[in-house]
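>>> My questions concern the predicted model and sequence given below.
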Amino acid sequence: MDNLIKILIVEDNAIIATDLQILLEEMGYVVVGQAVSYEEAIPILTSEDIDLALLDINLDTEKTGIDIGRYIRANLNIPFVFVTSNSDKPTIDKAKEVKPNGYLVKPYEKSDLYTTIEITLSNFNEQNQQIKKSKNALLKDSMFVKKNHLYFKLAYKDILYVEEIGENIEIHTKESLNYMVNTSIDAFFKKLPEGIFYKVSNTVLVNINHIEAVNERDVIINQRMIPISSEFSDFMMDLLGP
C-alpha cells in the first residue's frame, strides 16, 4: 500500500481487540487506537486522522456501537464497519438506521476482514469522488452565500471586491448588494477560482476584471478607491507594461 490506512478499533473485549489489531497490522494497516466505549471512542475520532472505524455493536456500556456510528454519520466523513457476533434481524434493522459502510459477522477469516476493509474503502472513495464532481458541476461558476436566513447563489463574475471587517467579510457585488459572511478573508480566498481574484492587501481582495483604474497606491472599483500593497502594485505595473 502506498498510503497507510489508519483504523480505529472499538471493541470491549480486550482479547478480541488485541487479536484484531494483530491481524490488521499483519495486513499492513495502522491501528491508531482502541476504545471500549462511546466515551473513549469519540475523543479519538475527533482528534486522530482516521480512515476507517471498526465498531463492535454491543458494548458493555449504555451507549452502543450503533450510537458511535450515528455520531460518525452526523459529524465525520469517514466510513465505518460493524464487526459483531449479532446477525439477528432486530440488530441488523437497528444497524441499518445509521447506514454503515459494511457489516462483518464474528467469527470471520482474515481474508473476510481484508476484503471487507478494501471494498468499504474503495466504495467510500468512489462515492466521495462522485459527490465532489456533482458539487463542482453545480458550483463551477458560482457559490452560495447566506443573507437573512436564505442562501443566495452568487456568480463569481458578479463579485467586485471583498473586505474583511472584524471577524466577518463583506462581499460587494455588481448589483450593489452586499453580503456579510462570518469567515476570514484568507479562508474565503481559498474557495475562489484562481486567476480572477487577488489580495490587494491583508484585508481586501478584488476581482481583477472589475478594476477601472490603478496607480502605484490604489485601484478603483465601482468608483471606490481601494489602497493596495506594494506587492500588488508591482504585479499590476508589470501587467500594464511600459
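Structure received. Residues are numbered from 1 along each chain as shown.
>>> any idea which element the residue most central in space within the chain lies in?
The centroid of the chain falls nearest to residue 77 when counting by C-alpha atoms, centre = their mean (7.0 Å). Take DSSP states H and E as the rule and residue 77 turns out to sit in neither a helix nor a strand.
>>> where does it fall, phi/psi-wise?
Here is the backbone geometry of residue 77 (degrees, to the nearest 10): phi -110, psi 70.
>>> what about stretch 223-238, how long is it end to end?
23 Å (C-alpha to C-alpha, to the nearest Å).
>>> buried stuff in it?
226, 228, 232-233, 236 (16 or more other C-beta atoms under 10 Å). C-betas here are computed from N, CA, C, even on glycine.
>>> which residues sit against that stretch?
Identification of contacts with stretch 223-238 by C-beta atoms under 8 Å, 6 or more residues apart in numbering yields 161, 198-202, 204, 206, 211-212, 214, 216-220.
>>> ditto for stretch 172-188
Contacts of stretch 172-188 (C-beta under 8 Å, 6+ apart): 145-147, 152, 154, 158-165, 167-171, 199, 202-205, 210, 222.
>>> send the alpha carbons of that stretch over as PDB?
Extracted in PDB, the C-alpha atoms of stretch 172-188 (Å, rounded to 0.1, in the frame of the first residue of the first chain):
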ATOM      1  CA  HIS A 172     -19.600  43.700  -2.700                       C
ATOM      2  CA  THR A 173     -21.400  42.800  -6.000                       C
ATOM      3  CA  LYS A 174     -22.300  44.400  -9.300                       C
ATOM      4  CA  GLU A 175     -25.900  44.700  -8.200                       C
ATOM      5  CA  SER A 176     -24.900  46.800  -5.200                       C
ATOM      6  CA  LEU A 177     -26.000  44.000  -2.900                       C
ATOM      7  CA  ASN A 178     -23.600  43.400   0.000                       C
ATOM      8  CA  TYR A 179     -23.300  40.000   1.800                       C
ATOM      9  CA  MET A 180     -21.800  39.700   5.300                       C
ATOM     10  CA  VAL A 181     -20.300  36.300   5.900                       C
ATOM     11  CA  ASN A 182     -18.800  35.000   9.100                       C
ATOM     12  CA  THR A 183     -15.400  33.900   7.900                       C
ATOM     13  CA  SER A 184     -11.800  35.200   7.400                       C
ATOM     14  CA  ILE A 185     -10.700  36.700   4.100                       C
ATOM     15  CA  ASP A 186      -8.000  34.000   3.800                       C
ATOM     16  CA  ALA A 187     -10.500  31.200   4.200                       C
ATOM     17  CA  PHE A 188     -12.800  32.800   1.600                       C
END
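>>> pLDDT on that stretch, on average?
The average pLDDT for stretch 172-188 rounds to 87.
>>> Please apply the same query to stretch 199-218.
90.
>>> Span of that stretch from start to end?
End-to-end for stretch 199-218, by C-alpha to C-alpha: 13 Å.
>>> follow-up on the earlier one: any idea how far the residue nearest to the centre of the chain is from residue 203?
When distance is defined by C-beta to C-beta, to the nearest Å, residue 77 is 32 Å away from residue 203.
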